[in-house]
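model the structure of this input:
(2 chains)
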Amino acid sequence: MTTTLDTAAPVRPAVRPTRASLPTLVGLEVRKTLTTRSGRMLALAGVLAGPVGMGLLEASDDAFPSVAGPFAVVGIMTGLLLLAMGVLSTAGEWTHRTAQTTYLLVPQRGRVLAAKTAATALLGAALTAVSMGASWLILAVLADPSVSWDGAAQAALTAVGAGAAFALIGVGVGAATANTPAALTGLYLTVLGLVQIIRAWDTRVADAVDPQQAVLRFARGDAEVASLLTLGGWVIAALVAGWVFSRRRPVQ
Amino acid sequence: MISVNGLTKRYGARTVVDDVSFTLEPGTVTGFLGPNGAGKTTTMRMMTGLIPATAGTATIDGRPYADLPNPGAVVGTLLDASAVHPGRTGRAHLGLHALAVGVDSRRVDEVLELVGLADAARRPVGGYSLGMRQRLGMAGALLTVPPVLVFDEPANGLDPEGIRWLRALLRSYAANGGTVLLSSHLLGEVEHTVDRLLVIGGGRIVADGPVGSLLGASGTAVRSVDPRGLADALRAREFHVERQADGVLVVDGAEPATIGAIAAEAGVALIDLHPVQRGLEDLFFQLTENSGAAAPTPAEH
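Residues are numbered from 1 along each chain as shown, chains lettered A, B, ... in the order given. Purely as a prediction, here's the structure:
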């Protein structure tokens, strides 16, 4: 590799004199997610999970009385994938040591986490909306005419919200642990395993802490306030933990 | 201007950086030297806010790094060439960098060309060699042509041509009024690049000054037909004489003319007589051997 260096005074390009605005940082975080293969694959999987699931549901000939249930399941399936996207947006920065560049360019760690939160929520909602839209079309074409469409809109909106909420839980837990394998393993074990163990022990406690159950109930219009509290509690607890643990963590 | 005052870092009872202070002026390249674990990297990371300091301050243009409105416009940093997502292309990495610092994306292609990575720009960084990653890191640091450069071991992995290029880059930067702080364990490289040396050992600054004054002219090497007789004559004049295995006498703090005169008085014929300058390596080991390098921290690599 041969390079030559012009030792004349370098011409300084036009540079923004102020710090990056929050919308700029949000756009930056969206680009960060979509410029890695893992991010693109998760986005693709999130979009396809719903329609593929609905196609399999139709192919299985299992009867379902209303589309609300399947729509809620779209939200859960997509959400569980977007959980990983959220984790990668924060913990992935520590795993790949890119947190160093991030914090050198934007030293205010609270702003970085806020930008990641907004970017991941937007991506989560947008990807789930696409997945939900495709799922809607599939059921509109293939579902038995006797299937009820009552509450379809609420279920679809719940799915979109669930996609964003699960992605945010990933952001917070990823920021708190700074370790991608630990965050993913811990989250999936908790959501898919521990909560179900609790359910076998006490259904009421499980209902209060199970984010999947909260999505299903909210989509059906059951216990809406309690469901919101459960999902909101997960999101807030994760993000607060992420902020507390990452704000002074040394970047080695 | 970079000003560091009393910067200290402790991990529990262990002090890895101890009351480090220095000021770097524009137009200079300063070499930051020290053995592994001496505290170079930790100091640089405290300066840039990546590691919180236990005590002390570091300011750039009068402000702590975190308070700079757009730090990337003021300080170009290369602290760890491997801190790049391996799945991104070099161009995508710099595109994100450009967006963060607020510079036109066309500048990305310019710096890729400057560092010699234009042909590899669309390849994932995971396939880059260490030298290519170093160049990519420098490209990021140079995006805004900032007035300050802080490079940690930038010559690692560079081939000789790359090292020569780096030397020219840093010298031209300083010649144009830039402030450069460069850490390196490649002593020969530093010796030919920097104006000033900061030597750190055991977390403390053990030497700070212009290269010329720290190295200085430290003595004279002389070979004669009668080494013993010459050594006796020199010792009689209270010179410290060290006899090397090849028979050469090294006389500390003496000028060749003085040695020649003493040899003439003693009637000893000389075969060779020349001044010796202490090398950077000698200086480095002399300054750091007693400082007790701190145990390496995770930041030291």
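
by residue count, which helix of the chain is the longest?
If you meant another chain, say so; for now it's chain A. Secondary structure assigned by DSSP state H gives helix A:109-142 as the longest helix of chain A.

wrong chain, I was asking about chain B
helix B:160-175.

just the buried residues of the next helix or strand after that one, please?
From helix B:160-175 onward toward the C-terminus, using DSSP states H and E, the following helix or strand is strand B:179-183. Under the neighbour-count criterion of 16 or more other CB atoms under 10 Å in any protein chain shown, strand B:179-183 has B:T179, B:V180, B:L181, B:L182, B:S183 buried. For every residue, glycine as well, the C-beta is placed using N, CA and C.

can you tell me which of those residues lies nearest to chain A?
Minimum distance to chain A across the buried residues of strand B:179-183 is 13.3 Å, recorded for B:V180 (CB to the nearest CB).

assign a three-state SS to residue 10, would you?
Using chain A here. Taking DSSP: H, G, I helix; E, B strand; the rest coil as the rule, one finds A:P10 in the coil state.

let's do chain B instead
strand.

could you pull out the helices for the stretch 201-301 of chain B?
B:211-215, B:227-236, B:256-266, B:280-288 (DSSP state H, counting those that start in this stretch).

can you give me the angle the longest one makes with helix B:227-236?
Which is helix B:256-266. 110 degrees (axes from the mean of the first three to the mean of the last three CA atoms, to 10 degrees).

show me the contact partners of helix B:256-266.
B:220, B:222, B:224, B:229-230, B:233-234, B:237, B:251, B:269-270, B:273-275 (CB atoms under 8 Å, 6 or more residues apart in numbering or on different chains).

quick one: these as TSV, columns for distance to A:A63 too.
Below are the contacts of helix B:256-266 laid out as TSV (distance: CB to CB, whole Å):
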residue	distance to A:A63
B:T220	102
B:V222	104
B:S224	109
B:G229	113
B:L230	109
B:A233	113
B:L234	108
B:R237	111
B:V251	103
B:A269	114
B:L270	109
B:L273	105
B:H274	100
B:P275	99
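
from these, which two are the most distant?
Within the contacts of helix B:256-266, two members stand farthest from each other by CB to CB: B:G229 and B:P275, at 22.0 Å.

the residue lying closest to B:I271 once chain neighbours are set aside: what's it in contact with?
The spatial neighbour of B:I271 that comes closest, neighbours along the chain excluded (CB to CB, 6 or more residues apart in numbering or on different chains), is B:R223 at 4.5 Å. By CB under 8 Å, 6+ apart, the contact list for B:R223 reads B:G247, B:V248, B:L249, B:L270, B:I271, B:D272, B:L273.

look up which residues are beta-bridged to B:R223.
In this entry, B:R223 is beta-bridged to B:D272, by DSSP bridges.

and the pLDDT at it?
B:R223 carries a pLDDT value of 91.

gap between it and A:T230?
Between B:R223 and A:T230 the computed distance is 88 Å (CB to CB, to the nearest Å).

that older thread, in ChimeraX, select just the buried ones from the contacts of B:R223.
Here is the ChimeraX command that selects only those of the contacts of B:R223 that count as buried (16+ other CB under 10 Å):
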select /B:248,249,270
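
including pLDDT and distance to A:D144, could the contacts of B:R223 go into a markdown table?
A markdown table is the format used below for these (pLDDT from 0 to 100; distance: CB to CB, whole Å):
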| residue | pLDDT | distance to A:D144 |
| --- | --- | --- |
| B:G247 | 81 | 104 |
| B:V248 | 86 | 101 |
| B:L249 | 89 | 105 |
| B:L270 | 92 | 110 |
| B:I271 | 90 | 108 |
| B:D272 | 90 | 104 |
| B:L273 | 91 | 106 |
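
leaving out the residues flanking it, which one is nearest to the residue of chain A found nearest chain B?
Residue nearest to chain B within chain A: A:R16 (2.6 Å; CB to the nearest CB). Distance criterion CB to CB, 6+ apart; nearest residue to A:R16, sequence neighbours excluded, is B:G102 at 2.6 Å.

I'd assumed A:A20 was in contact with the one you found.
Yes. Assessed by CB atoms under 8 Å, B:G102 is found in contact with A:A20 at 6.4 Å.

which residues are common contacts for the two?
B:N70.

from the contacts of helix B:256-266, list the ones also adjacent to chain A.
Restricting these to those within reach of chain A (CB under 8 Å from any CB of the partner chain) leaves nothing.

which one of the residues you listed is nearest to A:L139?
B:P275 (90.7 Å).

is it true that the closest one touches B:V250?
No. Between B:P275 and B:V250 there is no contact under CB under 8 Å: 10.7 Å.

so what sits against both of those two?
B:G219, B:T220, B:A221.

in PyMOL, how would I select the buried members of these?
A single PyMOL command selects the buried members of these (16+ other CB under 10 Å):
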select buried, chain B and resi 219+220+221
